[in-house]
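Novice: Could you work out the structure for the sequence below:
(2 chains)
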Amino acid sequence: MARSLWATRAASYLRINVPCRGFATGSDLPICGTRVGVTFHGMYLLYVNCENNFLSIHAVLKDLKYADSHEWVRVEGESATVGITDHAQDHLGEVVYVELPEEGSKVEQGASFGAVESVKATSDVNSPVSGKVVEVNKKLSDSPGLVNSSPYEDGWIIKVELEDDSDLPCLMDPERYTKFCEKEDASR
Amino acid sequence: MRGPRSIEIWKMGAVNYLEALKLQEKLASDRKTHKIKDTSLSLQHPPTFTLGKRRTVHNVLVSEAELKAMGAELHYTERGGDATFHGPHQAILYPIISLRDIGIGARKYVENLESTMIELASLYGVKARAGETGETGVWVGRRKIGAIGVRISSGVTSHGLAFNIDPDLNYFKHIVPCGIPDKEVTSLQKEVGLGQKLPSEQVIHEQLVSCFTKIFGYTDITWRDKTSVSSDGHE
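Specialist: Here you go, the predicted structure:
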């Protein structure tokens, strides 16, 4: 399965060996059961989850906003770019298909605009903002795995012309999203 | 520290595919709005071929007219996965559960569904295993005994798994099952040996549910006999 590049870079920063699905070895292991947030390069907040001897590291970018359905949005003026988070792609497994909306169609905050398929499961992707789809990431048709390997960059899904930026305050900032992920994982 | 997990199991007998689909849509919608708790349908279908969201029609090897002539239906669905067949003597479980409430994603959910069927097979001494990457499902050697196809919308699941107790395996010849050519389909009866008598299917359906509730950590389980339920959920 494609490992997130963010997690791999994070692991080398923390000097933790993370082969395969995040089984950790090495001298800087956090204590099992703890969750640690670390700043790395000033741009990423790392959410490190150690559970049952498995270390999983998810990156949360500091300049993005987050929905509780694990989508991110980058707002630049009246435009927004949307994708799914590192946490989401790891929980999905290897993405084999991305259903994209039509360019020109409308999206509504909180409503589904497409889906991803992984491990024989299709999961709806919801829009964190309302507006009009101006561009979809056509590379995902041939390379759906970009969602796993580069969830915040090459794996972006749609670009939206924002309808109303008062949508944004109800989205989570990076610190709140990180705590939200911790809480969700703790309910396992 | 989490509290007890509750689920309601609907024992439904034989249900037409579309009826079951409409019921799942209603239940999933009710689950999303917290009108109901986690629910799972335990049933079987009359002969039915289905395709997933990717509409891989090329994996259905006969025309729709030919399928009708053999007494089967064909349905296009929004679930993940490829072409498959459902029919009598195949145990189906459609869990309508909130993954957000139990903090897991698609990958872990599907792994748990695989474990459910592996555990059931092991009750009969059959050593099954999960598929390799890209071959989700449950296998005995190179033979597939259980299939999975799931839909997750706002964190709530629908569709689910199908475990072959003793379906007519000839139906599978009309598709490329799950889009994987050159691999056989098998059943519990075939794996224990055709001379061995299995318990009644009701027992096996109940065992499948018990394996599911155990693996997912449900402690408060309510069984409801819904053999006369229509698609709007009323008896």
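Novice: Mind checking what secondary structure B:Ser40 has?
Specialist: strand (DSSP: H, G, I helix; E, B strand; the rest coil).
Novice: Number of residues surrounding A:Asn148?
Specialist: The burial count assigned to A:Asn148 is 24, neighbours taken as other CB atoms under 10 Å in any protein chain shown. C-beta: built from backbone N, CA, C; applies to glycine.
Novice: I meant A:Lys120, not that one.
Specialist: When neighbours are defined as other CB under 10 Å, A:Lys120 has 29 of them.
Novice: Can you tell me how far it is from chain B?
Specialist: From A:Lys120 over to chain B the distance is 4 Å, taken as CB to the nearest CB, to the nearest Å.
Novice: which residues sit in contact with that residue?
Specialist: B:52, B:79-81, B:110, B:136-137, B:148-150, B:178 (CB atoms under 8 Å, 6 or more residues apart in numbering or on different chains).
Novice: ok, now with 6 Å
Specialist: Going by CB atoms under 6 Å, 6 or more residues apart in numbering or on different chains, A:Lys120 touches B:80-81, B:136, B:148-149.
Novice: now do A:Val98
Specialist: Neighbours of A:Val98 in contact, by CB under 6 Å, 6+ apart: A:116, A:140, A:144.
Novice: Tell me which entries of those residues lie within strands.
Specialist: Counting by DSSP state E, those place A:Val116 in strands.
Novice: Considering the contacts of A:Val98, which is situated nearest to chain B?
Specialist: Using CB to the nearest CB, A:Val116 comes nearest to chain B of the contacts of A:Val98, at 8.8 Å.
Novice: Settle this for me: the closest one is touching A:Glu94, isn't it.
Specialist: No: contact criterion CB atoms under 6 Å: A:Val116 and A:Glu94 do not qualify, at 10.4 Å.
Novice: Looking at these two, which is more packed in?
Specialist: A:Val116 (27 against 18).
Novice: So the more buried one versus B:Leu198, what's the distance?
Specialist: 38 Å (CB to CB, to the nearest Å).
Novice: try B:Lys11
Specialist: From B:Lys11 to B:Leu198 the distance is 18 Å (CB to CB).
Novice: now B:Pro177
Specialist: 22 Å.
Novice: ok, the two, which is more surrounded?
Specialist: The residue with more neighbours, out of B:Pro177 and B:Leu198, is B:Pro177; 22 against 15, by other CB under 10 Å.
Novice: who's in contact with that one?
Specialist: Here B:Pro177 is in contact with B:Val185 (criterion: CB under 6 Å, 6+ apart).
Novice: how does it look with 8 Å?
Specialist: For B:Pro177, the contacting residues are B:82-85, B:144, B:147, B:183, B:185, by CB under 8 Å, 6+ apart.
Novice: same deal with A:Ser123?
Specialist: A:92, A:115-117, B:106, B:152-153.
Novice: try A:Val160
Specialist: Going by CB under 8 Å, 6+ apart, A:Val160 touches A:79-82, A:107, A:127, A:129, A:131-134.
Novice: Phi and psi next, for the closest residue to chain A within chain B.
Specialist: Chain A sits closest to B:Gly105 of chain B, with a gap of 2.4 Å, by CB to the nearest CB. Phi and psi for B:Gly105, reported as degrees, to the nearest 10, are phi -110, psi -170.
Novice: So what's the residue count around it?
Specialist: B:Gly105: 25 neighbours (other CB under 10 Å).
Novice: pull the longest strand from chain B.
Specialist: As assigned by DSSP E, the longest strand anywhere in chain B is strand B:143-153.
Novice: touching chain A at all, it?
Specialist: Yes: Strand B:143-153 is in contact with chain A by CB under 8 Å from any CB of the partner chain, via B:148-153.
Novice: Buried residues in that strand, which are they?
Specialist: Of all the residues in strand B:143-153, those buried under the rule 16 or more other CB atoms under 10 Å in any protein chain shown are B:143-153.
Novice: from those, which single one is nearest A:Leu64?
Specialist: B:Ile152 (22.8 Å; CB to CB).
Novice: thought that closest one was touching A:Ala121?
Specialist: Yes: using CB atoms under 8 Å, B:Ile152 is in contact with A:Ala121, at 5.8 Å.
Novice: Give me the common contacts of these two.
Specialist: With CB under 8 Å, 6+ apart as the test, B:Ile152 and A:Ala121 both reach B:106, B:109.
Novice: quick one, strands of chain A?
Specialist: A:35-40, A:44-51, A:54-61, A:65-66, A:71-76, A:79-84, A:95-99, A:106-107, A:112-118, A:121-126, A:131-136, A:158-162.
Novice: Mind listing the strands the last one pairs with, and their directions?
Specialist: By that I understand strand A:158-162. Here strand A:158-162 has these sheet partners by DSSP bridges: strand A:79-84 (antiparallel), strand A:131-136 (antiparallel).
Novice: what's the angle between the first one and strand A:112-118?
Specialist: Note on geometry: by axes from the mean of the first three to the mean of the last three CA atoms, to 10 degrees, strand A:79-84 and strand A:112-118 are set 30 degrees apart in direction.
Novice: For strand A:79-84, what does the pLDDT average out to?
Specialist: Mean pLDDT, strand A:79-84: 96.
Novice: A:Arg74: neighbour count?
Specialist: Neighbours of A:Arg74 under the rule other CB under 10 Å: 16.
Novice: sec struct for B:Pro218, please.
Specialist: Careful, residue B:218 is Tyr and not Pro. coil.
Novice: how far away is it from A:Lys179?
Specialist: B:Tyr218 is 27 Å from A:Lys179, by CB to CB.
Novice: Over to residue 104: give its phi and psi.
Specialist: Here I'm looking at chain A. phi 100, psi -10.
Novice: Please refer instead to chain B.
Specialist: phi -120, psi 160.
Novice: Single out the residue in chain A that lies closest to chain B.
Specialist: For chain A, CB to the nearest CB, closest residue to chain B: A:His91, 2.4 Å.
Novice: I'd say that residue and B:Gly103 touch.
Specialist: No: in terms of CB under 8 Å, A:His91 does not count as a neighbour of B:Gly103; the distance is 9.4 Å.
Novice: between these two, who's got more neighbours?
Specialist: Of the pair A:His91 and B:Gly103, A:His91 is the one with more neighbours under other CB under 10 Å, namely 25 against 16.
Novice: Quick one, grab the pLDDT at A:Gly110.
Specialist: Reported pLDDT for A:Gly110: 93.
Novice: and the closest residue to it other than its chain neighbours, how many neighbours does it have?
Specialist: In space, and not counting its chain neighbours, A:Gly110 is closest to A:Asn126: 5.9 Å by CB to CB, 6 or more residues apart in numbering or on different chains. Counted with other CB under 10 Å, the neighbours of A:Asn126 add up to 23.
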